[in-house]
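S.K.: generate a structure from the sequence data that follows.
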Amino acid sequence: HIVGTAAGGVNRDARAQRRLAACGRRSRVVGGVIQCCIPYRFPYHSRRGRKVPDSPKQATIARQLEQRYLWILLAFAAAIRLYDLGGKQLWVDEIMQATASSPRLSLAGVLRAVTGHVGATPLDYVVQHYVTGLLGQTEFALRLHAAAFGTVTIAALYYLFRMLLDSRRALLSAALYAVY
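M.R.: Now for the predicted structure:
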């Protein structure tokens, strides 16, 4: 809300009257302070700072463009994550996870093996168990689920920041996370 003071100079009453007239009849003077009850917003912007489109057609075009940028970003992030995914040798922790989530084990066997690893997440082992059951135990298959979840996380981050901030900042945050 706009709050202004009526103090200042010789023309104090005239200035206060002009401010009252500018605020309209929903304003009042309390203790020499003019309180306008009209909420103030920047012109052409909504509460979240997004530019308000002039027509529904422009709003639809803006949403389509925003979705197109998101899909381009997700494709770029997936390409970064999938490029040469199986080209390097496995690290020690990846080997330990591969043996614990082997497709030869049952689901109960995988969950028992998880309890022996410190800081292990059971869902990661279970997902890897099923992915390697479908695709085999190659370096690519062992790392594929992590790359897929990393790409999906970018979309989740975008939609979370879009709710909290605006679409431009959400897209920038998702782009930064995509190259992380």
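S.K.: tell me the confidence at the closest residue in space to residue 141 that isn't next to it in sequence?
M.R.: Spatial nearest neighbour of residue 141, excluding adjacent residues (Cβ to Cβ, 6 or more residues apart in numbering): residue 135 at 3.8 Å. No exception for glycine: its C-beta is placed from N, CA and C like everyone else's. For residue 135, the pLDDT comes out at 93.
S.K.: pretty sure residue 135 is touching residue 143, no?
M.R.: No - taking contacts as Cβ atoms under 8 Å, residue 135 lies outside contact range of residue 143: 10.8 Å.
S.K.: those two: which has the busier surroundings?
M.R.: residue 143 (19 against 14; other Cβ atoms under 10 Å).
S.K.: distance of the more buried one relative to residue 120?
M.R.: Per Cβ to Cβ, to the nearest Å, residue 143 is found 16 Å from residue 120.
S.K.: got it, and residue 129?
M.R.: Using Cβ to Cβ, residue 129 is found at 13 Å from residue 120.
S.K.: these two: who's more crowded?
M.R.: Set residue 129 next to residue 120 and count neighbours by other Cβ under 10 Å: residue 129 wins out with 25 against 17.
S.K.: for the residue lying closest to the more buried one once chain neighbours are set aside, what are its contacts?
M.R.: Using Cβ to Cβ, 6+ apart and skipping residues adjacent in sequence, the residue nearest residue 129 is residue 101, 4.2 Å away. Each residue near residue 101 by Cβ atoms under 8 Å, 6 or more residues apart in numbering is listed here: 110, 113, 125, 126, 128, 129, 132.
S.K.: and which of those residues is nearest residue 147?
M.R.: Distance to residue 147 across those (Cβ to Cβ) is lowest for residue 128, with 11.9 Å.
S.K.: so the closest one sits against residue 96, correct?
M.R.: No - with contact defined as Cβ under 8 Å, residue 128 does not count as touching residue 96 (11.5 Å).
S.K.: the more surrounded of those two?
M.R.: residue 128 (25 against 15).
S.K.: the more buried one: which element?
M.R.: If you go by DSSP states H and E, residue 128 is part of helix 122-135.
S.K.: cheers, nothing more for now.
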